[in-house]
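Asker: generate a structure from the sequence data that follows.
(chains A and B)
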Amino acid sequence: MEKFGFTISKIRQIDYDSNDRSIADYIYEREPSFRLCIECGGCSATCTTGNYTNFSLRELHILIKRGENSQVIENLKKCMLCGKCILVCPRGVNTRNIVILARQAFQKSDSYAI
Amino acid sequence: MQFDPFVIPFNIGLYFILFYVVFRCVIWFRGLSRPDKLRLQRGFFGNAFVLSLKEIFLESLLHKKILKTNIRLGYMHMSLAFGWFLLIFFGTIEADIFGTKHLNAPYKAIFFRYFNPEHGRMGFEAAYGFLMDLILAFILSGLILAISKRFYSRVVGMKKTTKLKLSDKIALTSLWLIFPSRLLAESFTSGTYGNGSFLTGTLGSWLASFLPAQQMAYPFWLLYSLSLGTFFVLLPVTRYMHIPAELFLIFMRNCGIKTGDKSGTYTEVQTYSCSSCGICIDACQLNFSAGITNIQPAYLMKAIRNNDDVSEIANNCLLCGRCDQKCPVGIELSPIRMIQRRVGDNENVFTNIYKGYFRKRLHNIPEKSNGQLSYNFLPVTDPEKVDVLYFAGCMTHLTPSIKNSMVKILDASGVKYKFIDEQGGVCCGRPLMLAGMDKEARELINYNSQLFWKSGAHTLVTSCPICYKVFKESYYLGVEVLHHSQFIKSQIEEGSLKMNFLRKKVVYHTPCDLGRGSGVYDEPRFVLKHVSRLEKSKFDDENSLCCGGSLANLKLSSGKKYKIAQDTAAELTKGNPEILATACPLCKKTLSSATETRVADISEIVAEALIVTSVKRNINKQVSSIRELANI
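Answerer: Here you go, the predicted structure:
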């Protein structure tokens, strides 16, 4: 058969049963304001790192909550903790603490090498 | 030889504590680095020793600093410390003069009246007895204050007093028992023999009138000795360890030893020197505005002493430095907290002492954290050569009016400048440092430093006190770093900026990182006085409040931040000013949401008052048009 370069797109199903949500639980427990996020993207819009890369705190939030941690680890350390995201957040989420806690959680957990 | 078994508890306690203190000091001394050891040795034979003796007398005994801030609390501490010292001092002399022989064992002086009950009937002996009674009364008056403070702290003008652990409570009880039991013991003995001065004599004769004084005296002498012994034995495991530790601390400080970046002997001595007096608790805004009462320095020091997990306490702090300013012992509380935040990072960190930086300069290999670079995505740029750099900082980009005002001011001043982070720059690194991540911060420091050096500028102006502090302390740039208030002041003095006088009532809020953090108090005031009617407030300069938005606090919820901001704004706007001025974009952002009054940065006020002379404007325009034509 002729191949035109089209393939079937990857499965985009989020499997909450098999995903590891321990990182999200770790953060929920220590920073309750993690639940308040409405994913408006204000933090990503103002982000210092986001100015140079496609780093997005909003994306990280969603990925951590889903338990798709493998994509988070690499991006997490790009954050400069400058705190602009806290100031723009309309929900008062303590975003800096979430990044710090996520780093801690990855360091403590054995299944991820950081 | 005069001896009685009841003095044994006292003797055990006394010799134990003397041995322990010497032992501890030797350990502390051995833990010092070599240069610090040399400093101590030089100080011992030099001026520092005399200075230390003077400071020990003024601070450890008289408590001058506490007396200045709170006279009742100061009196309480003074009466106990100085009074006890006098009692021991004159007691020793009394035992030496009036005792059976000279050079007595210490217990003879402490229990003098028991061994010399017939002493003090008339003449000089009676006068001396009067003096001893007076000192005892002095101590007891302080003790009454201390006891009532435990139950109702407002007695001494304090809102909160420290919470204690069990061993502290036992030691405190034994301390409280020492002087009343001495009073009663002396009184009963005086009552039996019919002598004694105004206090012990009067009380003794009254007690003897209905009690068997002779039989009652011995139990109280025993209690006196027991409570002294208990207090001494418990001293190393309680907050009272501050008594010997503070003496050592004063000497070390006078010798020029500094806290530094890592925990060490000096930090340890400082943590032991904390007496948990609670002055930091009253100064802390997290206490009186946000209702957080377990993170204050007194508790941090206690937790460090007990080897508890301090990460929660260490990170929940605005690092505004109000406690540093108020601490009567002069403990460097914020540096110690920063050390605790860095715990776990066991590699060597040199944030303040950044040696070997200048030699490499432009050929610097970026510092790696965990073997990997965190920020290798940052672009390498080649900025144009200028005289003055303007670095707005992250926070200023969120308050564009400050940025625009500064551009206006810089244009008007006529200096050749470049707005280096106009399109958004890189963070200065201080927020990372505050989170204890010095390695990562150093990558940013490296990146920014190279950017500044390449531009060849001799002056770096920044609008953000957070950046200013880190540029000053951790960058080692070799260029003049100015906060924009300092820059504006220098331009006014040079005459390059002309301004109208705004008839507006202004109150100035000192940002923590600029004021207490970097010691810049006068320049912002000078500028504000130049353009407006600057009013005084209750919280000026060293006593200034924090806006609550500080990046140093990693744990504080937004609700509590807002509460602090509201309280601060309410205090500052009491005199109904038209403008609440500040010099920090973060303070502006935090305060403006918490008050109805207009909050403006100094640069905004200056830009408002600015007279842009047509000559300069024309020159600037011409220059730029010629440049465009010439394509440079």
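Asker: what sits against the nearest residue to residue B:383 once chain neighbours are set aside?
Answerer: Nearest non-adjacent residue to residue B:383, counting by Cβ to Cβ, 6 or more residues apart in numbering or on different chains: residue B:455, 4.3 Å away. All C-beta atoms are positioned from the backbone trio N, CA, C, and that covers glycine. Neighbour list for residue B:455: B:383-386, B:389, B:418, B:420 [criterion: Cβ atoms under 8 Å, 6 or more residues apart in numbering or on different chains].
Asker: please indicate which of these are buried?
Answerer: B:383, B:386, B:389, B:418, B:420 (16 or more other Cβ atoms under 10 Å in any protein chain shown).
Asker: gap between the last one and residue A:79?
Answerer: If I follow you right, that is residue B:420. 22 Å (Cβ to Cβ, to the nearest Å).
Asker: which ones are touching the residue of chain A found nearest chain B?
Answerer: Residue nearest to chain B within chain A (Cβ to the nearest Cβ): residue A:92, separated by 3.0 Å. By Cβ under 8 Å, 6+ apart, the contact list for residue A:92 reads A:33, A:36, B:557-559.
Asker: chain A contacts on the stretch 301-450 of chain B?
Answerer: Within the stretch 301-450 of chain B, the positions near chain A by Cβ under 8 Å from any Cβ of the partner chain are B:370, B:372, B:374-375, B:377-379, B:394-395, B:397-398, B:423-427, B:429, B:431-432, B:435, B:437, B:440, B:444.
Asker: go again using 7 Å as the cut-off
Answerer: Listed as neighbours of chain A in the stretch 301-450 of chain B under the rule Cβ under 7 Å from any Cβ of the partner chain: B:374-375, B:377-379, B:394, B:398, B:424, B:426-427, B:431-432, B:435, B:444.
Asker: looking at these, which is nearest residue B:114?
Answerer: residue B:435 (60.5 Å; Cβ to Cβ).
Asker: how about stretch B:586-602: buried residues?
Answerer: B:586-592, B:594-595, B:597, B:599-602.
Asker: kindly check the end-to-end length of it for me.
Answerer: 13 Å (Cα to Cα, to the nearest Å).
Asker: what comes up buried for the one helix or strand residue B:183 maps to?
Answerer: For residue B:183, the element it lies in under DSSP states H and E is helix B:166-193. Neighbour-count burial for helix B:166-193 flags B:168, B:170-172, B:174-193 (criterion: 16+ other Cβ under 10 Å).
Asker: filter the residues you listed down to the ones close to chain A.
Answerer: Counting by Cβ under 7 Å from any Cβ, no member of the buried residues of helix B:166-193 is near chain A.
Asker: what's the burial count for residue 74?
Answerer: Chain wasn't specified; assuming chain A. For residue A:74, the count of nearby residues is 10 (other Cβ atoms under 10 Å in any protein chain shown).
Asker: wrong chain, I was asking about chain B
Answerer: Neighbours of residue B:74 using other Cβ under 10 Å come to 20.
Asker: dihedrals phi and psi, the spatially closest residue to it that is not a sequence neighbour?
Answerer: Leaving aside its chain neighbours, residue B:74 sits nearest to residue B:67 (3.2 Å; criterion: Cβ to Cβ, 6+ apart). Residue B:67 has phi and psi values of phi -60, psi -40 when expressed as degrees, to the nearest 10.
Asker: test my guess that residue B:67 contacts residue B:73.
Answerer: No - using Cβ atoms under 7 Å, residue B:67 is not in contact with residue B:73, being 8.4 Å away.
Asker: just the buried residues of stretch B:586-602: which are in strands?
Answerer: Counting by DSSP state E, the buried residues of stretch B:586-602 place B:599-601 in strands.
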